[in-house]
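Chemist: Just to be clear, the model below is a prediction. Sequence and coordinates:
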Amino acid sequence: MMTNLFSVFEPSSSLMNLPLNWMSTFIGLMFIPYLFWISPSRWSLLWTKINMALHKEFSTILGPSQKSSTIIFVSLFSLIVFNNSLGLFPYIFTSSSHLAMTLTLSLPLWLTFMIYGWVNHTQHMFAHLVPQGTPAVLMPFMVLIETISNVIRPGTLAVRLAANMMAGHLLLTLSGNTGPSLNYYLLSILIFSQILLLLLESAVAVIQSYVFAVLSTLFASEIN
């Protein structure tokens, strides 16, 4: 019996005080296609096409000056989509549903962008704080609003990913716990709804990975 509603998301498996649940992050390495095969598999060709499509889109956002840095955001997308997808399997810990994981991804990226921008493009970063055409009276307020919106960016990125992954898993858990008390007719309806929710969660796993990578790319493009 669950001690509380969110206990299903708590890492509990351990060996010698080492949380083994977090090892699920490295299980995704098993699904990375082998690019050095003599004859590439269909999975390898599909993943290569996805990476090239993401590379082209991120290159458009970043511009020609930062075209080579798209490998960071493509790798970020790959890491998150693997973790999100693995969380759909039974008894596999969803690390991307915890802020400890998502904030670890977003905060270092944001700090790197800010430090690089303020050190190398100081005037450009100051110009971002005051949108063009702002009246002189509103400039102090706009600087405050833009500063706050800039500071909370890593938090919004992390909370968005964790909340979306946790919400679907929580809904699946709550609806699944009602199964033993239902008759065969309602149970068949529950199983069908669970399958639909699982398909929705599969789409959310990919979409949230894409959103996280695209927003990180947009933040990086603002420091030019």
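Modeler: Looks like it came in fine.
Chemist: quick check, residue 90 in a strand?
Modeler: No. Using DSSP: H, G, I helix; E, B strand; the rest coil, the assignment for residue 90 is coil, not a strand.
Chemist: okay, now it: neighbour count?
Modeler: 4 (other C-beta atoms under 10 Å). Where you see a C-beta, it was placed from the backbone N, CA and C, and this is true even at glycine.
Chemist: Show the model's pLDDT score for it.
Modeler: pLDDT for residue 90: 78.
Chemist: Repeat that for residue 82.
Modeler: For residue 82, the model assigns a pLDDT of 86.
Chemist: tell me which element it falls in.
Modeler: Using DSSP states H and E, residue 82 sits in helix 70-86.
Chemist: send the alpha carbons of that helix over as CSV?
Modeler: Extracted C-alpha coordinates of helix 70-86, given in CSV (Å, rounded to 0.1, in the frame of the first residue of the first chain):
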residue,chain,number,x,y,z
THR,A,70,23.9,21.7,-32.3
ILE,A,71,25.5,18.5,-31.2
ILE,A,72,24.9,19.6,-27.6
PHE,A,73,21.1,20.0,-28.1
VAL,A,74,20.7,16.9,-30.2
SER,A,75,22.5,14.9,-27.5
LEU,A,76,20.2,16.5,-24.9
PHE,A,77,17.1,15.5,-26.9
SER,A,78,18.4,11.9,-27.1
LEU,A,79,19.1,11.7,-23.4
ILE,A,80,15.7,13.0,-22.4
VAL,A,81,13.7,10.9,-24.9
PHE,A,82,15.5,7.7,-23.9
ASN,A,83,14.8,8.4,-20.2
ASN,A,84,11.2,9.4,-20.9
SER,A,85,10.6,6.3,-23.0
LEU,A,86,12.2,3.9,-20.5
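Chemist: what sits up against it?
Modeler: The contact list for helix 70-86, computed with C-beta atoms under 8 Å, 6 or more residues apart in numbering, reads 24-25, 27-28, 31-32, 51, 54-55, 58-59, 62, 92, 94-96, 101, 105, 109, 161, 165, 202, 204-206, 208-210, 212-213, 216-217, 220.
Chemist: Buried ones among these?
Modeler: With burial judged by 16 or more other C-beta atoms under 10 Å, the buried subset of the contacts of helix 70-86 is 24-25, 28, 51, 54, 58-59, 62, 94-96, 101, 105, 109, 161, 165, 204-205, 208-209, 212-213, 216-217, 220.
Chemist: just to revisit the earlier point, tell me what the helix or strand that the helix holding residue 82 is followed by is packed against?
Modeler: Once helix 70-86 ends, the next helix or strand along the chain (criterion: DSSP H and E) is helix 99-120. Packing contacts for helix 99-120, counted by 3 or more C-beta pairs under 8 Å, 6 or more residues apart in numbering; DSSP states H and E, involve helix 70-86, helix 122-129, helix 153-177, helix 184-221.
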